[in-house]
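Below is the sequence, then the predicted model.
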Amino acid sequence: AYAEYLGQQHVFSHGLSPTGQDILRHGYYDIGVGTWIFETLDEGFSGGVGISTMVWGSQLHFFNWLSGTWLGLRHGWYEPGAGWKFETLIESVPISDFTSATSPTALPFATVPLDTVALADPSGGQSVFVSTREAGACWLCTPYSLSHGRYPGANGSWSFSKMPPVNLVGFAEVGGRGASVTTYGSHTEIFGYRFGYNLSCDSIYHAFWDGVSWQTEAREVPCTNRDFEQQYTIPTAATSYPPFNQLHAFYTQFPLAMGHFWYNPG
């Protein structure tokens, strides 16, 4: 994960300690020295997997898996004059493989965080979208769901909830892997893959926050004879393009190709 903060380039990556423990590595380019400087952050807690970053106000933030068990969400931020601070936002118990035929809607929330994507949202808060693997997911559907965490600002606290399903005929659970997020106008926009019952085709899941609730839709895309496990490891990409006032999304098609669609206002 990459961020620009206080005039410097920052990178965060996965690493291994001398004893083989998963760790979070942080590097920044020191303009005064003219070289990169690296360090390990939050050793014993941050596992350096599923990393995302955001700059919020005067602070640099990162999110990643909890070390060792990978069963939680770890958050760290840098405060000028105070240094790095850390906290655990989600912590869960170990789960067995997803072999039961239980409906995903009846499953416990937030088991294993996999991917994260963070954004300083237009309303002034912090948002992090977390891909989680759920216990007991049925074999006909993805075991991955997508949850949203939000911090409203000073004197507030983090709250998490599962993203709402797409209101379509048939199975409409959002797949949690490969999500991307951007800001368009005054909205937080998120894209990801939605998994279908028939195992033959996915669609792109799109949601935006209208200031009151999440509005959702699914956009059908070409995807025949695809390996859905492979697709879930390939992220989508979303961005706004101010010169044309457009919203863009890029995704994986099957057979393997890059797909692209965009929204034109008016």
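Okay, I see it.

Contact partners for the residue nearest to Lys162 when sequence neighbours are not counted?
Closest residue to Lys162 apart from its sequence neighbours, by CB to CB, 6 or more residues apart in numbering: Ser147 at 5.1 Å. From N, CA and C alone the C-beta is placed, and that goes for glycine too. Taking CB atoms under 8 Å, 6 or more residues apart in numbering, we find Ser147 in contact with Phe109, Ala110, Phe129, Val130, Thr132, Phe160, Ser161, Lys162, Met163, Gly176.

Do you know the pLDDT at Cys141?
In the prediction, the pLDDT value recorded for Cys141 is 50.

typed the wrong thing, it's Thr132
We have a pLDDT of 78 for Thr132.

Ser96 now?
43.

Which pair of the contacts of Ser147 spans the longest distance?
Phe109 and Phe129 (14.4 Å; CB to CB).

So these two - more neighbours on which side?
Phe129 (25 against 13; other CB atoms under 10 Å).

isn't the more buried one right next to Phe191, touching?
No. With contact defined as CB atoms under 8 Å, Phe129 does not count as touching Phe191 (10.4 Å).

With adjacent residues omitted, what lies nearest to Asn245?
Using CB to CB, 6+ apart, the nearest residue to Asn245 is Pro265, at 5.6 Å.

quick check, that neighbour in a strand?
No. Per DSSP: H, G, I helix; E, B strand; the rest coil, Pro265 lies outside any strand segment and is coil.

That one: neighbour count?
Pro265, neighbours per other CB under 10 Å, totals 9.

Need the three-state assignment for Pro243.
helix.

Give me the PyMOL select line for the contacts of Ser147, limited to the buried ones.
To isolate the buried ones among the contacts of Ser147 in PyMOL, judged by 16 or more other CB atoms under 10 Å, type:
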select buried, resi 110+129+130+132+160+162+163+176
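
Give the residues shared as contacts by Phe129 and Phe191.
Both Phe129 and Phe191 are in contact with Ala179, Val181, where contact means CB under 8 Å, 6+ apart.

Point out where this protein drops to low pLDDT.
Residues of the chain meeting the criterion pLDDT under 70: 68-71, 92-113, 134-143, 165-175, 195-202, 220-233.

repeat that with 50
Within the chain, the segments meeting pLDDT under 50 span 94-110, 138-140, 168-172, 197-200, 224-226.

Against Ser67, how distant is Gly20?
12 Å (CB to CB, to the nearest Å).

my bad, should have said Asp121
Distance from Asp121 to Ser67, counting by CB to CB: 28 Å.

still on that earlier bit, which of the contacts of Ser147 fall within helices?
Of those, none are assigned to helices by DSSP state H.

show me what contacts Thr182?
Listed by CB under 8 Å, 6+ apart, the contact partners of Thr182 are Leu119, Glu189, Ala238, Thr239, Ser240, Leu247.

Can you tell me which of the residues you listed end up in strands?
Among the contacts of Thr182, the members found in strands (DSSP state E) are Leu119, Glu189, Ala238, Thr239, Ser240, Leu247.

coming back round to it: with neighbour numbers in mind, choose between Gly20 and Ser67.
Taking neighbours as other CB under 10 Å, Gly20 and Ser67 compare with Ser67 leading, 21 against 7.

would you list every one of the strands in the stretch 51-200 of the chain?
52-56, 59-65, 72-79, 83-91, 112-120, 126-133, 144-151, 159-162, 180-184, 187-195 (DSSP state E, counting those that start in this stretch).

Identify the residues contacting Gly15.
Asp22, Ile23, Leu24, Arg25, Thr40, Gly48.
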